[in-house]
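What follows is a predicted structure for the sequence shown.
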Amino acid sequence: MLLTRPLPPIDEWAGDTFEAVVPFMGESITDGTLAIFLKKPGDRVEVDEPIAQIETDKVTIDVNSPEAGVIQEFVAKEGDTVEPGTKVAIISKSGEGATHVAPSDEKPSEKPTSPPPPPVEEKKEKPTPVVEKPKGRPPPSPKPSATEPQLPPKERERRVPMTRLRKRVATRLKDSQNTFALLTTFNEVDMTNLMKLRSDYKDTFAEKHGVKLGLMSGFVKAAISALQKQPIVNAVIDGDDIIYRDYVDISIAVGTPKGLVVPVLRNCENMNFAEVEKEINTLAKKANDGTISIDEMAGGTFTISNGGVYGSLLSTPIINPPQSAILGMHSIVSRPMVVGGNIVPRPMMYIALTYDHRLIDGREAVFFLRRIKDVVEDPRRLLLDV
């Protein structure tokens with residue numbers, strides 16, 4: 001008797017496989033590069049578990065599994081340029097048809113070797129007499145000419161393609177230099193009072209608000225005050241017009257392992273110190289984790305860059321288009337200063353303002369930076385609005 005296994009119902013086959021596709025990447029992003037697969041064919045994945053990463057001009061976006069199952073195959077390759085909706089992988093709910101990738105243990109098959117040819121009898125030749133050449137010094141090796149550059153060997157060099165984010169940053173910074181009339185003005189700030197304020201209230205602040213009190217919030221509040229007193233610094237040129245913005249969105253430059261990103265603090269003029277610190281911490285964590293969204297980096301009316309965290313003493317930051325100015329913070333160094341006729345050590349910081357001289361005159365730029373200095377050196381000015 002012939003026994004046959006009954007075929008499974010059609011419903012068991014329908015809907016067994018699902019496609020993982022590239023998600024929507026933002027209004028201004030049309031494509032990206034498939035940077036890396038996080039899983040292999042045959043791996044089991046859960047719902048919404050990342051299986052690949054797409055690198056765009058601004059952020060890295062995960063491709064998530066639509067269902068729990070086993071990766072059957074990848075239909076795209078690393079390095080491919082992909083658009084939203086592009087198929088990346090096939091996910092099988094049942095796991096059937098998945099190809100497990102494992103290192104091969106098979107040894108290459110040994111082909112039978114043909115017998116060696118019979119030895120050929122060598123004909124003996126009469127030795128020829130050796131003529132000795134007169135001994136002399138060997139000719140000197142040619143010396144490289146003075147004009148010939150001595151280049152390092154090519155094997156000591158590596159050529160690595162630029163990431164999309166790095167190419168985007170390079171393009172924007174060069175466009176900034178080519179478009180704006182860049183000029184930088186400097187000042188120095190005595191950090192004594194702001195550091196004392198943080199030292200006196202850091203424990204109480206952390207206990208009440210659940211976040212540490214840093215120095216960045218003090219500079220953000222000082223920048224808000226300066227932008228409100230010098231609104232031209234918050235404006236931007238658009239063709240033959242000047243656009244004045246009656247809101248303050250401050251971009252905070254954050255260095256990540258993949259490059260520079262600039263998340264934005266929205267409507268800073270309505271924030272207190274605690275809200276500023278919380279928002280900075282949230283955005284910085286997302287930037288370092290690679291989970292920050294396009295919307296969280298779009299816009300901005302003014303940028304603050306803190307090179308002091310890397311030990312920078314002085315710099316001339318470049319404007320982040322389409323803004324008109326950027327504030328550069330630097331490291332705090334104890335230096336001798338004259339206070340009340342006496343020379344005393346003070347924690348000092350150089351600050352720099354790079355601005356578009358087409359729009360902002362030197363007078364407004366100096367007044368702006370002076371306001372930053374006044375507020376940081378005496379934070380009580382914020383309470384009294386003086």
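Alright, I've got the coordinates.

Helix, strand, or coil at residue 314?
coil (DSSP: H, G, I helix; E, B strand; the rest coil).

With the flanking residues excluded, which residue is spatially nearest to it?
residue 350 (5.1 Å; CB to CB, 6 or more residues apart in numbering). Glycine gets a C-beta too; all of them are placed from N, C-alpha and C.

ditto for residue 306
Using CB to CB, 6+ apart, the closest residue to residue 306 is residue 329 (4.3 Å).

Distance-wise, check the one you found relative to residue 352.
8 Å (CB to CB, to the nearest Å).

before we move on, what about residue 276?
Relative to residue 352, and taking CB to CB, residue 276 is found at 21 Å.

Just want to know which of the two has more residues nearby.
residue 276 (23 against 20; other CB atoms under 10 Å).

residues touching the more buried one, list them.
Applying CB atoms under 8 Å, 6 or more residues apart in numbering, we find residue 276 in contact with 216-217, 220-221, 265, 268.

OK, contacts around the spatially closest residue to residue 45 that is not a sequence neighbour?
Spatially, and ignoring its direct neighbours in sequence, residue 45 is nearest to residue 65 (4.3 Å; CB to CB, 6+ apart). If a contact means CB under 8 Å, 6+ apart, then residue 65 has 18, 20, 45-51, 71, 89, 91 as its contacts.

the helices in the stretch 201-350 of the chain, which residues?
Counting by DSSP state H, counting those that start in this stretch, one finds helices in the stretch 201-350 of the chain at the ranges 216-229, 273-289.

On the three-state scheme, residue 189 is what?
Residue 189 is classified as strand under three-state DSSP.

Report pLDDT for it.
pLDDT for residue 189: 97.

residues near it, how many?
Residue 189, neighbours per other CB under 10 Å, totals 24.

give me every residue that touches the nearest residue to residue 216 once chain neighbours are set aside.
For residue 216, ignoring the flanking residues on the chain, the nearest one in space by CB to CB, 6+ apart is residue 280 at 5.9 Å. Contact analysis of residue 280 by CB under 8 Å, 6+ apart lists 214, 216-217, 220, 252, 265.

how much space between residue 280 and residue 32?
Separation of residue 280 from residue 32 (CB to CB) stands at 27 Å.

Residue 340 now?
Residue 340 sits 59 Å away from residue 32, taking CB to CB as the criterion.

Looking at the two now, which is surrounded by more residues?
residue 32 (25 against 5).

residues touching the more buried one, list them.
22, 25, 54-56, 61, 81-82, 164.

okay, now residue 335: neighbour count?
12.

Pull the contacting residues for it.
Residue 335 touches 345-346, 348, counting by CB under 8 Å, 6+ apart.

where's the closest residue to residue 31 other than its chain neighbours relative to residue 25, distance?
Closest residue in space to residue 31, ignoring its immediate chain neighbours: residue 83 at 4.8 Å, by CB to CB, 6+ apart. As for residue 83, its distance to residue 25 is 9 Å (criterion: CB to CB).

neighbour count winner among these two?
Remark: of residue 83 and residue 25, residue 25 carries more neighbours, 21 against 13, as counted by other CB under 10 Å.

these two touch, right, the more buried one and residue 53?
No. Counting by CB atoms under 8 Å, residue 25 does not reach residue 53; the two are 11.9 Å apart.

who touches both of these two?
Joint contacts of residue 25 and residue 53 (CB under 8 Å, 6+ apart) are residue 61.

circling back: do I have it right that the residue nearest to residue 31 meets residue 21?
No. Here residue 83 does not reach residue 21: they are 9.8 Å apart, not a contact under CB under 8 Å.

Overlap in contacts, the two.
Common neighbours of residue 83 and residue 21, counting by CB under 8 Å, 6+ apart, are absent.

tell me the SS of residue 351?
Three-state assignment for residue 351 (three-state DSSP): strand.

can you pull the contacts of it?
186-189, 327-330, 369, 372-373.

quick one: contacts for residue 344?
By CB under 8 Å, 6+ apart, residue 344 lies in contact with 336-337.

Can you check the pLDDT for it?
96.
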